[in-house]
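Asks: This is a predicted model, with the sequence first.
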Amino acid sequence: MADETIGRHQDGIMSKAQTAIALVLALSCIGVLADAVLKLASAQRNVMLSKWLFVGVLLSCSFAVGWVFLMRVMKLATAGVIYGVTSAVLLCLIGIVFFDEKLSGIELMGIATATLAIILLGYAPANTR
């Protein structure tokens, strides 16, 4: 039983798959935040001296370290799909809310399809290495 669990949750024990999915979702948020901050840096007059560039690089580095730990408990393919879809949806939301970007109907259908992919991955068998 000990190998099937790696963390505790308030209501009991989290499985490796649940912990891995939580980690990849957290990493997606960090990656998206890094991208948004780097977009702010790109709008600065002197990008290389921008505080936003520094913050973006730090966030990107912490993402990379977290990704290494994620690879210990999740298949690369599964992590890649969850990360890719979650990041795409979050980046669309950030673009709409903070950068006043607009999405077309086909792009909205893509977001809905991506969300369905995440739901289907949640029903897949254990996602361990």
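Replies: The structure has been received and is ready for your questions.
Asks: Is it correct that Thr115 falls within a strand?
Replies: No - following the definition DSSP: H, G, I helix; E, B strand; the rest coil, Thr115 is helix and is not counted among the residues of a strand.
Asks: That one contacts Val85, correct?
Replies: Yes - assessed by CB atoms under 8 Å, Thr115 is found in contact with Val85 at 7.5 Å. All C-beta spots, glycine's among them, are computed from the backbone N, C-alpha and C.
Asks: and these two? which has more neighbours close in?
Replies: Between Thr115 and Val85, counting by other CB atoms under 10 Å, Val85 is the more crowded of the two (20 against 13).
Asks: Work out for me the element that one sits within.
Replies: Assignment of secondary structure by DSSP states H and E places Val85 within helix 76-99.
Asks: what is the rounded mean pLDDT of that helix?
Replies: Model confidence over helix 76-99, given as mean pLDDT, is 86.
Asks: Go through stretch 87-105 and flag the buried ones.
Replies: Along stretch 87-105, these residues count as buried under the neighbour rule (16 or more other CB atoms under 10 Å): 87-92, 94-95.
Asks: Correction: the previous question concerned stretch 38-47.
Replies: Within stretch 38-47, the residues that qualify as buried by neighbour count (16+ other CB under 10 Å) are 38-41.
Asks: how long is that stretch from one end to the other?
Replies: Across stretch 38-47, the straight-line distance between its terminal residues is 9 Å, by CA to CA, to the nearest Å.
Asks: Rounded mean pLDDT for that stretch, please.
Replies: For stretch 38-47, mean pLDDT is 93.
Asks: So what's the gap between it and the chain middle?
Replies: Offset of stretch 38-47 from its chain centre (CA atoms, centre = their mean, to the nearest Å): 22 Å.
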